[in-house]
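>>> Coordinates only, no sequence provided:
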Ligand SMILES: [Fe+2]
């Protein structure tokens, strides 16, 4: 499996504090069946740059090979939505997933900007595809899934958090994920892991639960072919979402 969203580099955001902890997280991911991880530290909330992330990524790569842990790592970032983002995106300083057209877009937890749909369309017209991270945890989306449908129709992808599916981010988030799955409003499941105790680097249990909602093949695609094609910068063949009631 592929984990597209992981706070697994140490000392540069609210993820692990030491290299040892980062390696323990990778070991936990490996034991869960994950073989590929995109390292995605916060950008915006923390002053991370392409150089800082790349340097830490290289350090973890060396650490993993020293411990014989066969996990492939790629660079990325969890990019906070901010007014000047489009200008930053145009700069070479910006980190997309493995330097592809796809990037994680971290949106506010309560209310999205009213022009988010136009904003997504503007990004798409620049050749960039935002992946909206964990909208199931956003209060506004929980109350109005048709808003999320509009954002997807504008060209965005949606990543949900494994812990939300398991009910660990509250009942409202879990309820929203199930409804989203039924309407085809989910493309990727990722861990958004931050440590070995909270939001852990595990996907398998969530995939099992999602299988019972959308079937095994579709659930597996969300942690295998879809995230792998994103890393490889390939266009995605996705089914049309249904307008939620
Ligand atoms: Fe995150």
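That came in fine, so what should we check first? Just so it is clear, the model here is predicted, and its values are computed rather than measured.
>>> in this structure, which spans are strands?
Using DSSP state E, the strands of the chain run over residues 2-6, 36-39, 42-43, 72-75, 78-80, 102-106, 129-133, 157-161, 188-190.
>>> From the contact counts, what lies against the fifth one?
Which is strand 78-80. strand 42-43, strand 102-106 (3 or more C-beta pairs under 8 Å, 6 or more residues apart in numbering; DSSP states H and E). Yep, even glycine has a C-beta here, placed from its N, CA and C like the rest.
>>> could you redo the last one with a cut-off of 10 Å?
strand 42-43, helix 85-90, strand 102-106, strand 129-133 (3 or more C-beta pairs under 10 Å, 6 or more residues apart in numbering; DSSP states H and E).
>>> now swap in the first one and tell me
In this structure, strand 2-6 packs against helix 19-31, strand 36-39, strand 72-75, strand 102-106, strand 129-133, strand 157-161, strand 188-190, helix 225-231, with contacts taken as 3+ C-beta pairs under 10 Å, 6+ apart.
>>> can you rerun that using 8 Å?
helix 19-31, strand 36-39, strand 157-161, strand 188-190, helix 225-231.
>>> Report the separation between the residue with the largest distance to the centre of the chain and residue 26.
Distance from the centre of the chain peaks at residue 66, with 27.3 Å (C-alpha atoms, centre = their mean). With the distance defined as C-beta to C-beta, to the nearest Å, residue 66 ends up 12 Å from residue 26.
>>> re the thing from before, where among the helices and strands packed on strand 78-80 is the average confidence lowest?
Among those, helix 85-90 carries the lowest mean pLDDT, at a mean of 78.
>>> tell me what that helix is packed against?
helix 116-125.
>>> Check which residues of the helix it packs on are buried.
116-117, 119-120, 123 (16 or more other C-beta atoms under 10 Å).
>>> Go through the worst-scoring helix or strand of the chain on mean pLDDT and flag the buried ones.
Lowest by mean pLDDT, DSSP states H and E among the helices and strands of the chain is helix 85-90, with a mean of 78. Judged by neighbour count using 16+ other C-beta under 10 Å, the buried positions of helix 85-90 are 85, 89.
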